[in-house]
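K.L.:
build me a model:
(chains A and B)
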Amino acid sequence: MNFDFSDEQKLLQQTARDYLAEHSPLATCRSILEGAEPYAATLWKGAAEMGWQGAVIPEQYGGAGFGYLELAMIAYEVGRALAPIPFGPSVFVATEAILRHGSDAQKSAWLPKLANGSAIGTFAFAEKPGQNAVEAIAATVAGGRLSGTKLPVADGDVADFAVVAAKEGGMLGLYRIELAGAGVARSRLDAFDPSRSQARIDFDGARCERLPGADATAIARLLDRAAVLTAFEQIGGADRALEITRAFIVGRYAFGKPIAANQAIKHRMADLWCEIEIARSNAYYAAFTLANEDPELPVAACLARIAAADAFEKTTIEMIEFHGGVGYTWEYDCHLFYRRAKQLAGLIGTPKYWKNLLVDRLRAAKAA
Amino acid sequence: MDFNDTPDEAAFRAEARSWLEQNAKPRTSLTPTISGEDLTPEIVKQSQAWQKKKADAGWACITWPKEYGGRGASPIQNAIWGQEQAKFETPPDVFSIGIGMCGPTILTHGTPEQKKRWIPKLVTGEEIWCQLFSEPSAGSDLAGLRTTAVKQGDEWVVNGQKIWTSGAQWCQWGILVVRTDPTVAKHAGLTFFVVDMRSPGIEIRPITQINRGQGFNEVFFTDVRIPDDQRIDAVGNGWAVSITTLMNERMSIGSGMGVGAIEELVDYIEGLEIDGRPALEDRQVRERVAEFVVKARGLKYTGLRSLSALSQGKTPGPEASMGKLVGGLLQQHAASFAMELAGASSALLDAQAPAEAAWQERYLSLPGLRIAGGTDEILRNIIAERVLGLPPDARADKGLAFKDIPTGPPKRG
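P.N.:
Predicted structure coming up:
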């Protein structure tokens, strides 16, 4: 038994960490958060040169031809660095959708560009506030043209194309749409986490291409895979938030001793550490099922998604609390983590959605 | 990343399973019985017979050296044995303290003569062991213990009281930590012994728990004499020896906790209704169940990560404290939730309650699990200080000789 990443995978992770330490310090995240640029374009290009966007894209399409375990390690580091790039929506969802369900022509046209960073994809699913049930999707396709509104779409203002969930003849499918084309109106929206951009996209008879294999089951698996990879991104963020908090509370003195010596604080730090470890173990198991196309992926993805979102959020809440007043200032970095935790929890369905799904899947597994 | 056994591990597992299939029946219930609860002479005999059977076939004390009756096998093989044995119905285990804590402590700190004297009969189940650590005024602050031993010739004379000793009345031997020097700092004045539980001057009184169980005892020592050759390690080194015992305790109590109970919770809720509808259709119930399952599976996979570390020859560190901390609280919350869903029937401790009141029983037993072998609060200290490297809390006993440490007001009664 070896329920761990291999030495090669850990080496790849270290390389990613070193690269991000140099090219994506927290100041990079802050510059996007405070500035007009929607994402860190130089970092995005650099990441592509490292092979990250094309991690699981086969070499014949210009990818690195790694596996999902390698991509999970990269996702973790992207999360640790709060890298302000459209990584998750483009790599975990849009690239996956083309790779798994695209036609040969779609793959040949887009995978090389996704791999080398010259194209950004995104995923357009949600349409309005609330939980995003598949049944509620109102966007429709007729005669190769898609109409409807998607709100919000992560990176919708900068992506070259979107993979859009819509119904054709009442059946859910995925459709690829060029966002610079006719019939597409997109506007950037103020974001809760401005280091990651959000947009509204109105489609009015926009020309679209169906992804042939993407039926309802395929879409569910697509979201499962994205959930696992996003969990690694979240755990990366949670680990970094805990490390920063740890360093602060050890150095901060009150009443003549480090505040970390108080059980009121250290016990909550221990609880956070447990939360993160539970999330890490669930994510490791989910990564195993992902890498091996294991039938337990649907359950494991729910476990990983719920645990990672909760662990990241709880850690960032305590991060601000333990920093005290300075933690609430714009100048300190705590809010970068506090925002990112919620941003990632809102992508591809909030934990509430996945908890409900988990119970259905557990019951189905028991019945089988 | 690979969940499969290596070829060697698979061969060992097959051998273990084959022996178990020939010697035991498959388990039907997911939740193992809590050891040490309400033992009878009959149960103790069954437990000893099972231990003897395993020892004769080479399946007792897998990691212990062959020269003392063990198998001389690896920790991962021990874990595999544990996984396989858990699938079979076996008698309540009266050796969990002896094998889980006392044996490893003697193997680590004892002399070759001491190991030869005690370990083989522990392996074969001939002799049962208990642990004499906690005292009425020394629980979490174990090093504050007050039972004394004074040297007289080649013997030590022990006076004082121990408490929370599981199964003391069935035991031949106990491991005992006492104060041998009150004039030095508290951790420095302790010494570790093995005591014959049949010695004159030992009195054992069972304690009745909130669930009416009598798993624990008070043990009183009045001029009990222990030969010096039953001292483990040097005089004044008792704290280091005790730490070995405690780390083994937390690992054995913590392993795999709560996983089975939560799987049972899902089955239990399948059989319940809320307002005439299946309870599992209720959104709030579903979300709580999901949260429980996430924790339980997370603990299970954390256990697998620890096994992987064992498989690669690494030793699990203080992070092993997490299993008991998270698992104990998780099960208590789950039991509370199960009772809430039972509605008015939660008032019953009767077979007419759902699941024959099993969750009520658990709710009554779980506070003990969260205290035994290190309270949640102590475990959080361990994680905070030894995993996260946070500074210790300021303490009022630092640098003082034990005799000068402040104590509370005189006890009632």
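K.L.:
got the residues of the stretch 101-250 of chain A near chain B?
P.N.:
Taking Cβ under 8 Å from any Cβ of the partner chain as the criterion, the neighbours of chain B within the stretch 101-250 of chain A are A:246, A:249-250. Using the backbone N, CA and C atoms, a C-beta is placed for each residue, glycine as well.
K.L.:
give me the buried subset of these.
P.N.:
Among those, those classed as buried by neighbour count (16 or more other Cβ atoms under 10 Å in any protein chain shown) are A:246, A:249-250.
K.L.:
of all of the stretch 101-250 of chain A, which residue lies closest to chain B?
P.N.:
A:Arg246 (5.9 Å; Cβ to the nearest Cβ).
K.L.:
quick check: closest non-adjacent residue to the residue in the stretch 1-150 of chain A that chain B sits nearest to.
P.N.:
When scored by Cβ to the nearest Cβ, the stretch 1-150 of chain A has A:Phe3 as its residue closest to chain B, at 4.2 Å. Setting aside the residues directly before and after it, A:Phe3 is nearest to B:Ser308 in space (Cβ to Cβ, 6 or more residues apart in numbering or on different chains), at 4.2 Å.
K.L.:
just B:Gln161 next, same as before
P.N.:
Across the structure, with Cβ to Cβ, 6+ apart as the measure, the residue nearest B:Gln161 apart from its sequence neighbours is B:Phe220 (5.2 Å).
K.L.:
picking that back up, looking at the buried ones among the residues of the stretch 101-250 of chain A next to chain B, which one is closest to A:Glu37?
P.N.:
Checking these against A:Glu37 by Cβ to Cβ gives A:Arg246 as the nearest, at 31.6 Å.
K.L.:
all helices for the stretch 101-250 of chain B, in order.
P.N.:
In the stretch 101-250 of chain B, the segments counted as helices under DSSP state H, counting those that start in this stretch are B:103-109, B:112-123, B:238-254.
K.L.:
B:Ala60: which of the ones you listed is closest?
P.N.:
helix B:112-123 (5.0 Å).
K.L.:
that closest one packs against which elements?
P.N.:
For helix B:112-123, the packing partners by 3 or more Cβ pairs under 8 Å, 6 or more residues apart in numbering or on different chains; DSSP states H and E come out as helix B:103-109.
K.L.:
what would the helices of the stretch 101-250 of chain B look like in a markdown table with mean neighbour count and mean pLDDT?
P.N.:
Compiled in a markdown table, the helices of the stretch 101-250 of chain B are given as follows (neighbours: other Cβ atoms under 10 Å in any protein chain shown; pLDDT from 0 to 100):
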| stretch | mean neighbour count | mean pLDDT |
| --- | --- | --- |
| helix B:103-109 | 22 | 96 |
| helix B:112-123 | 18 | 97 |
| helix B:238-254 | 21 | 77 |
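K.L.:
for A:Ile276, find the nearest of those.
P.N.:
helix B:238-254 (17.8 Å).
K.L.:
okay, and the beta partners of A:Phe203?
P.N.:
Beta bridges link A:Phe203 to A:Gly148, A:Val184 when assigned by DSSP bridges.
K.L.:
quick check: pLDDT value at the residue nearest to B:Gln161.
P.N.:
Confidence at B:Phe220, expressed as pLDDT, is 98.
K.L.:
same check on the one 5 residues further on?
P.N.:
Note on B:Arg225: pLDDT of 98.
K.L.:
in contact with the nearest residue to it once chain neighbours are set aside, which residues are there?
P.N.:
Ranked by Cβ to Cβ, 6+ apart and with sequence neighbours excluded, the top spatial neighbour of B:Arg225 is B:Glu155, at 4.8 Å. Remark: with contacts taken as Cβ atoms under 8 Å, 6 or more residues apart in numbering or on different chains, B:Glu155 is in contact with B:225-228.
K.L.:
give me the buried entries from the residues you listed.
P.N.:
B:225-226.
K.L.:
return the member of the contacts of B:Glu155 nearest to chain A.
P.N.:
Checking those against chain A by Cβ to the nearest Cβ gives B:Ile226 as the nearest, at 37.2 Å.
K.L.:
can you give me the neighbour number for A:Ala36?
P.N.:
By the other Cβ atoms under 10 Å in any protein chain shown criterion, the neighbourhood of A:Ala36 contains 5 residues.
K.L.:
helix or strand for it, which one?
P.N.:
A:Ala36 is part of no helix or strand when elements are defined by DSSP states H and E.
K.L.:
what's the offset of the helix or strand containing A:Val164 from the middle of its chain?
P.N.:
Counting by DSSP H and E, the element that carries A:Val164 is strand A:161-168. Here the centre of strand A:161-168 is set off from its chain's centre by 19 Å, with Cα atoms, centre = their mean, to the nearest Å.
K.L.:
which residues are contacting it?
P.N.:
For strand A:161-168, the surrounding residues in contact (Cβ under 8 Å, 6+ apart) are A:93-94, A:97-98, A:110, A:119, A:121-125, A:134, A:137-142, A:146, A:148, A:150, A:153, A:156, A:172-179, A:201, A:203, A:208, A:210-211, A:219.
K.L.:
ok, the residue of the stretch 101-250 of chain A closest to chain B - contacts?
P.N.:
Contact analysis of A:Arg246 by Cβ under 8 Å, 6+ apart lists A:260, A:269, B:388-390.
K.L.:
and if we set it to 7 Å?
P.N.:
In this structure, A:Arg246 makes contact with A:269, B:388, judged by Cβ atoms under 7 Å, 6 or more residues apart in numbering or on different chains.
K.L.:
for A:Gly102, same thing?
P.N.:
Contact partners of A:Gly102, counting by Cβ under 7 Å, 6+ apart, are A:Leu211.
K.L.:
could you report the pLDDT at it?
P.N.:
Reported pLDDT at A:Gly102 in the predicted model: 95.
K.L.:
then stretch A:76-93 to CSV, C-alphas only?
P.N.:
Only the C-alpha atoms of stretch A:76-93 are listed here, as CSV (Å, rounded to 0.1, in the frame of the first residue of the first chain):
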residue,chain,number,x,y,z
TYR,A,76,-2.5,22.5,-4.7
GLU,A,77,0.4,24.9,-5.4
VAL,A,78,-1.8,27.3,-7.4
GLY,A,79,-4.1,27.4,-4.4
ARG,A,80,-1.3,28.0,-1.9
ALA,A,81,-0.1,30.9,-3.9
LEU,A,82,-3.6,32.4,-4.5
ALA,A,83,-2.4,32.6,-8.0
PRO,A,84,-4.6,35.2,-9.8
ILE,A,85,-5.0,33.2,-13.0
PRO,A,86,-8.1,31.6,-14.7
PHE,A,87,-6.7,28.1,-13.8
GLY,A,88,-9.6,26.2,-12.4
PRO,A,89,-12.3,27.1,-14.9
SER,A,90,-10.0,26.8,-17.9
VAL,A,91,-8.0,23.7,-16.9
PHE,A,92,-10.3,21.7,-14.6
VAL,A,93,-13.5,22.2,-16.6
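K.L.:
what pLDDT, on average, does it get?
P.N.:
Averaging pLDDT along stretch A:76-93 gives 98.
K.L.:
ditto for stretch A:201-216
P.N.:
95.
K.L.:
and for stretch B:327-343?
P.N.:
Rounded mean pLDDT across stretch B:327-343 is 95.
K.L.:
can I get that stretch in CSV, CA atoms only?
P.N.:
The C-alpha coordinates for stretch B:327-343 follow below in CSV (Å, rounded to 0.1, in the frame of the first residue of the first chain):
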residue,chain,number,x,y,z
GLY,B,327,-13.6,10.4,16.1
GLY,B,328,-14.8,10.7,19.7
LEU,B,329,-16.6,14.0,19.2
LEU,B,330,-18.0,12.8,15.9
GLN,B,331,-19.6,9.8,17.4
GLN,B,332,-21.0,11.8,20.3
HIS,B,333,-22.6,14.2,17.9
ALA,B,334,-23.9,11.3,15.7
ALA,B,335,-25.4,9.6,18.8
SER,B,336,-27.1,12.9,19.8
PHE,B,337,-28.5,13.3,16.3
ALA,B,338,-29.7,9.7,16.1
MET,B,339,-31.6,10.3,19.4
GLU,B,340,-33.0,13.5,18.1
LEU,B,341,-34.4,11.7,15.1
ALA,B,342,-35.9,9.0,17.4
GLY,B,343,-38.2,11.7,18.7
